[in-house]
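*Asks:* I need the structure of the sequence given here:
(one chain, ligands or ions: 1)
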Amino acid sequence: MKKTNGTQYDHISTQYLHGVNESPDRWGLKDPSFDEHLGNVAGKVVFDLACGNGYYTRKLARAGARKVHGIDISKQMIEEAKKQDADLPNISYNVGDVAKFDFNKLKEQADVITAIFLLNYADSKDTLAELIENPARKLKSGGKFVAMLPHPELPIFDYPLQKTQEINGKPEEELKPGDVLRTHMTYGTDKTQTSFNFHWWPKEDYEHALRKAGFTNIIWHPVKPTKEAIAKVGKMVEPEINNPHMIILKATKI
Ligand SMILES: C[S@@+](CC[C@H](N)C(=O)[O-])C[C@H]1O[C@@H](n2cnc3c(N)ncnc32)[C@H](O)[C@@H]1O
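*Replies:* Okay, here's the model as predicted:
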């Protein structure tokens with residue numbers, strides 16, 4: 001049976017750790033956009049939703065956040081995360097489904113919520129709403145929500161680093177909200193292969209869920225490669241200049 005939720009990561013946590021974290025996809029694409037749109041987190045409390053092996057959790061902690069709470073549904077990913085950051089006292093990890101997790105267990109309210117590849121795992125509009133609304137109840141007024149997602153307007157692509165296809169081979173224009181997409185990734189010097197499934201939602205469904213949870217200033221920023229990345233790995237990231245396959249979604253809590 002096709003798995004579309006986060007538990008599929010229990011089986012690929014090692015590939016993800018060694019492949020994805022070392023890829024140009026990270027340092028040439030996601031990281032510079034994440035840094036640019038996150039803003040200053042020094043002294044702030046951050047909830048890092050779908051933290052996986054803690055790549056961004058550690059980045060946030062090293063950027064001076066007072067406390068970072070990483071939450072992920074995959075026990076295996078959290079175990080990998082805990083092995084990586086013995087030196088960072090300002091991180092705590094929790095296994096849980098963001099849509100149902102009791103955020104009152106975390107003492108502090110958040111100043112910032114990050115959700116790097118979480119919302120595209122929602123298998124229904126109700127789940128999409130809960131993935132935003134549940135943690136947002138514990139976000140301060142004026143607090144920021146910073147998500148990264150597959151670009152909703154470029155759902156099917158074939159680049160050197162990644163290939164995404166609709167699971168039933170339907171063309172892009174026939175995709176319906178909630179349809180399942182499968183991505184195959186090739187990473188790192190040892191050409192690690194990883195595949196996973198997620199759901200396609202149009203921009204208006206994400207925006208509707210954010211407004212319902214009390215957010216305003218909803219802005220989309222396509223993820224583009226840096227000049228350094230283009231100079232260093234050329235063709236691997238060049239297609240992303242005109243056809244970015246990832247996007248940042250930002251919003252502010254009223
Ligand atoms: C593509 S990985 C991204 C991990 C991390 N944010 C990163 O960029 O390295 C997606 C993560 O979302 C987690 N996930 C999916 N659905 C979730 C849910 N409902 N609650 C918590 N975590 C979830 C998975 O377990 C997986 O670790």
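*Asks:* can you list the residues of the stretch 51-200 of the chain near the ligand?
*Replies:* When proximity is defined as CB under 6 Å from any ligand atom, the stretch 51-200 of the chain approaches the ligand at 51-52, 55-56, 71-74, 77, 97-99, 116-118, 121. From N, CA and C alone the C-beta is placed, and that goes for glycine too.
*Asks:* identify the farthest-apart pair in the residues you listed.
*Replies:* Between all members of those, the longest pairwise span (CB to CB) is found for Tyr55 and Ala99 and amounts to 22.1 Å.
*Asks:* next, Cys51: secondary structure please.
*Replies:* Assigned with DSSP: H, G, I helix; E, B strand; the rest coil, Cys51 falls in the coil class.
*Asks:* what about the nearest residue to it once chain neighbours are set aside? Give its phi and psi, please.
*Replies:* Leaving aside its sequence neighbours, Cys51 sits nearest to Gly70 (CB to CB, 6 or more residues apart in numbering; 3.3 Å). Phi and psi for Gly70, reported as degrees, to the nearest 10, are phi -90, psi 130.
*Asks:* in this structure, which spans are strands?
*Replies:* Secondary structure of the chain by DSSP state E: the strands cover 45-49, 67-72, 91-95, 110-116, 139-150, 157-158, 162-166, 180-187, 192-199, 215-222, 246-253.
*Asks:* which one of these is the most hemmed in?
*Replies:* Among the strands of the chain, strand 45-49 has the highest mean neighbour count (mean count of other CB atoms under 10 Å), at a mean of 28.
*Asks:* got a list of contacts for that one?
*Replies:* The contact list for strand 45-49 (CB atoms under 8 Å, 6 or more residues apart in numbering) reads 54, 56-57, 60, 65-71, 98, 103, 106, 108-116, 118, 131, 135, 138-139.
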